[in-house]
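**Q** Sequence and predicted structure are below.
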Amino acid sequence: MSAAQADLDERLVRATQAGLPLVPEPYAAVAATLGVSEAQVIARLEAMLADRRVRRIGVVPNHFALGYTANGMSVWDVDDDQVDRLGREVGALPFVSHCYRRPRRLPAWPYNLFAMVHARSRDEVAEKLEIIRGLLGSALRAQAVLYSTRILKKTGLRLR
């Protein structure tokens with residue numbers, strides 16, 4: 001990669017790290033800000049996605065503003081020999097926004113699988129947890145849910 005590309009990539013990350021402009025042609029707006037073409041912006045973003053310097057470009061909705069106010073981090077104690085496979089299945093459910101494996105912290109915390117469930121009510125969360133419980137089957141030993149009480153600021157790394 002040339003020094004000019006590296007410089008453009010850094011300027012592009014700085015220009016977009018707080019989000020894309022909310023306009024009909026956001027890449028063109030970023031390009032105008034940086035003094036390059038829209039095609040260059042798209043090409044550099046594609047290159048950074050390809051080499052994993054940027055993991056993804058996506059929408060981060062405010063689920064509370066959309067009416068999803070009953071949000072629960074479900075935690076599950078699942079057999080270690082099945083947790084990876086089952087975690088992929090749980091993570092693929094349409095109502096699970098993220099799912100990951102974490103080490104247990106025994107004796108107080110036996111849970112090794114975490115899945116965030118978003119719903120409009122706690123009753124709806126309970127219905128969705130039943131679906132997960134059924135999917136986990138005999139590999140499940142224990143489960144709990146921790147409900148959100150406030151929105152925490154969600155951001156990735158920010159260049160200064």
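**A** Everything's here; your move.
**Q** How are the strands of the protein distributed by residue range?
**A** 70-78, 96-101, 113-119, 140-147 (DSSP state E).
**Q** for the closest residue to residue 121 other than its chain neighbours, what are its contacts?
**A** Closest residue to residue 121 apart from its sequence neighbours, by C-beta to C-beta, 6 or more residues apart in numbering: residue 70 at 5.0 Å. Bear in mind the C-beta positions are built from the backbone N, C-alpha and C, glycine included. By C-beta atoms under 8 Å, 6 or more residues apart in numbering, the contact set of residue 70 is 118, 119, 120, 121, 122, 124, 125, 147.
**Q** Go again with 7 Å.
**A** Applying C-beta atoms under 7 Å, 6 or more residues apart in numbering to residue 70 gives the contacts 119, 120, 121, 122, 124, 125, 147.
**Q** okay, now the third one: neighbour count?
**A** This points to residue 121. 12 (other C-beta atoms under 10 Å).
**Q** Same check on the fourth one?
**A** Neighbours of residue 122 under the rule other C-beta under 10 Å: 14.
**Q** where in this protein is pLDDT low?
**A** Flagging of the chain using pLDDT under 70 yields the residue ranges 152-158, 160.
**Q** Tell me which stretches of it form helices.
**A** Using DSSP state H, the helices of the chain run over residues 3-16, 26-34, 38-50, 83-91, 122-136.
**Q** Surely residue 78 and residue 114 touch.
**A** No. If you go by C-beta atoms under 7 Å, residue 78 and residue 114 don't touch, sitting 10.6 Å apart.
**Q** In terms of neighbours, single out the busier of the two.
**A** Between residue 78 and residue 114, residue 78 has the larger neighbour count (other C-beta under 10 Å), namely 23 against 17.
**Q** distance of the more buried one from residue 131?
**A** 15 Å (C-beta to C-beta, to the nearest Å).
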